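> Can you look at this prediction? I've put the sequence above it.
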Amino acid sequence: MNVLEGALVLSSVMLALAVVLAFLRLLRGPSLPDRVVAFDLMTSVAVGIIVLYAIATKETVFLDVAVVLALISFLGTIAFARYLEQRGRS
């Protein structure tokens, strides 16, 4: 096993652990913003997993998928922040 393969395995394990911990936060809450932040973290970790897969398979097309997922996640977070801002005013 070379250094790149070892780094990919270690990174995959760490990202899997991050998904599990974020999913636990998503389930436990306690508030809606906590759940949204946990979901945002899960999508960010999913981007990392896609990038790792692109590196492992040497297929750059998956990087486009990662960028699109990151942009959609960002827009969702902005939309939720705007929703919270509007809800606070009424």
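Cool, the structure landed.

> Tell me the secondary structure of Glu59, please.
coil (DSSP: H, G, I helix; E, B strand; the rest coil).

> do you know how far Arg35 is from Ser44?
Distance, Arg35 to Ser44, using Cβ to Cβ, to the nearest Å: 15 Å. To be clear about C-beta, it is placed using only N, CA and C from the backbone, and glycine gets the same treatment.

> So for the two, which sits in the more crowded spot?
More neighbours surround Ser44 than the other of Arg35 and Ser44, with 18 against 15 (other Cβ atoms under 10 Å).

> isn't that one right next to Ile72, touching?
No: using Cβ atoms under 8 Å, Ser44 is not in contact with Ile72; the gap is 11.7 Å.

> Find the residues that touch each one of the two.
Contact criterion Cβ atoms under 8 Å, 6 or more residues apart in numbering; residues shared by Ser44 and Ile72: none found.

> Below-threshold pLDDT in this structure: ranges please.
Applying pLDDT under 70 to the chain picks out residues 90.

> repeat that with 80
Scanning the chain for pLDDT under 80 picks out 1, 88-90.
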